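K.L.:
Sequence first, predicted coordinates after that:
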Amino acid sequence: MTGEDLAHKAKMNRTHLGEIERGEVTISYFTLLKISNALELESPNILCSEVNAEVKNFLNELN
């Protein structure tokens, strides 16, 4: 999945997703839920360190 695909699936602007990837903005819980839903993760699981590491790795691969 590309960054463009994730942004589309999460109903987000690709530029904003890029800012999140680069740590330029603080992510809201609502945005976190949108991304976790787009990645087909259950909401509570996104806060687990294991899943969080997987999400970070995935976002790093988009760069």
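P.N.:
Now that the structure is in, tell me what you want to look at.
K.L.:
so what secondary structure elements neighbour the strand or helix carrying Glu19?
P.N.:
Counting by DSSP states H and E, the element that carries Glu19 is helix 14-21. Packed against helix 14-21 by the contact rule (3 or more C-beta pairs under 8 Å, 6 or more residues apart in numbering; DSSP states H and E) you find helix 3-9, helix 29-38, helix 49-62. (Each C-beta comes from the backbone N, C-alpha and C, glycine too.)
K.L.:
So what's the residue count around Val25?
P.N.:
With neighbours defined by other C-beta atoms under 10 Å, the count for Val25 comes to 13.
K.L.:
likewise Arg22?
P.N.:
As a measure of burial, Arg22 has 10 neighbours, counting by other C-beta under 10 Å.
K.L.:
go on, the one 10 residues further on?
P.N.:
Other residues near Leu32 number 15, with proximity taken as other C-beta under 10 Å.
K.L.:
Show me which helix or strand of this structure is least confident by mean pLDDT.
P.N.:
Sorting the helices and strands of the chain by mean pLDDT, DSSP states H and E puts helix 49-62 at the bottom, at a mean of 71.
K.L.:
Got the phi and psi for Leu39?
P.N.:
In terms of degrees, to the nearest 10, the main-chain angles of Leu39 are phi -90, psi 0.
K.L.:
on that earlier part again, reformat the helices and strands packed on helix 14-21 as JSON lines; add distance to Gly23.
P.N.:
Putting these into JSON lines (distance: least, C-beta to C-beta, whole Å) gives the following:
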{"stretch": "helix 3-9", "distance to Gly23": "15"}
{"stretch": "helix 29-38", "distance to Gly23": "14"}
{"stretch": "helix 49-62", "distance to Gly23": "10"}
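K.L.:
Nice, that's everything, thank you.
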